[in-house]
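Undergrad: sharing a sequence plus its predicted fold:
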Amino acid sequence: MNSFYELGVIVNNKKPIKQEVINTINELKRIFELKTSKKSDLVNAMSKIIAGFNHIETGKSLDQKM
């Protein structure tokens with residue numbers, strides 16, 4: 001588990017309503033289709049469905065972190 005520490009674990013989170021999940025998927029599709037979308041749009045969409053979801057900008061891509 002130590003090697004995956006930064007991924008985090010969600011505990012005691014309520015199970016989302018199916019329609020909320022469908023709405024989030026549709027919103028994510030819309031975000032990815034837009035040429036003007038920003039990382040903050042993605043973070044906002046994810047935070048609606050995952051309690052406590054946040055993003056800390058480090059200026060590095062996943063490849064640069066490895």
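TA: Ah, there it is. Numbering: from 1, shown residues only.

Undergrad: low-confidence stretches in the protein?
TA: Per-residue confidence for the chain (pLDDT under 70) gives these ranges: 1-13, 62-66.

Undergrad: what's in contact with the longest helix along it?
TA: Longest helix in the chain, counting residues (DSSP state H): helix 18-33. Contacting residues not belonging to helix 18-33 are listed as 37, 41-42, 45-46, 48-49 [C-beta atoms under 8 Å, 6 or more residues apart in numbering]. (C-beta placed from N, C-alpha, C; glycine too.)

Undergrad: list only buried entries from these.
TA: When neighbours are counted using 16 or more other C-beta atoms under 10 Å, those contain these buried positions: 41, 45-46, 49.

Undergrad: could those go into JSON lines alongside secondary structure?
TA: Formatted as JSON lines, the entries for the buried ones among the contacts of helix 18-33 read as follows, by DSSP: H, G, I helix; E, B strand; the rest coil:
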{"residue": "41", "secondary structure": "helix"}
{"residue": "45", "secondary structure": "helix"}
{"residue": "46", "secondary structure": "helix"}
{"residue": "49", "secondary structure": "helix"}
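
Undergrad: which residues touch the residue most central in space within the chain?
TA: Using C-alpha atoms, centre = their mean, the residue of the chain that lies closest to the mean C-alpha position is residue 46, 4.0 Å off. For residue 46, the set of contacting residues under the criterion of C-beta under 8 Å, 6+ apart consists of 24, 28, 53.

Undergrad: separation between it and residue 32?
TA: Distance check for residue 46 against residue 32: by C-beta to C-beta, to the nearest Å, it reads 13 Å.

Undergrad: buried ones in stretch 28-43?
TA: With burial defined by 16+ other C-beta under 10 Å, the residues of stretch 28-43 counted as buried are 28, 31, 41.

Undergrad: number of nearby residues for residue 17?
TA: Applying the criterion other C-beta atoms under 10 Å, we find 10 residues in the vicinity of residue 17.

Undergrad: look up how far residue 34 lies from it.
TA: Residue 17 is 26 Å from residue 34, where distance means C-beta to C-beta.

Undergrad: next one: residue 55
TA: Counting by C-beta to C-beta, the gap between residue 55 and residue 34 amounts to 18 Å.

Undergrad: how about JSON lines for the contacts of residue 46, with distance to residue 59 added?
TA: Putting the contacts of residue 46 into JSON lines (distance: C-beta to C-beta, whole Å) gives the following:
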{"residue": "24", "distance to residue 59": "27"}
{"residue": "28", "distance to residue 59": "23"}
{"residue": "53", "distance to residue 59": "20"}
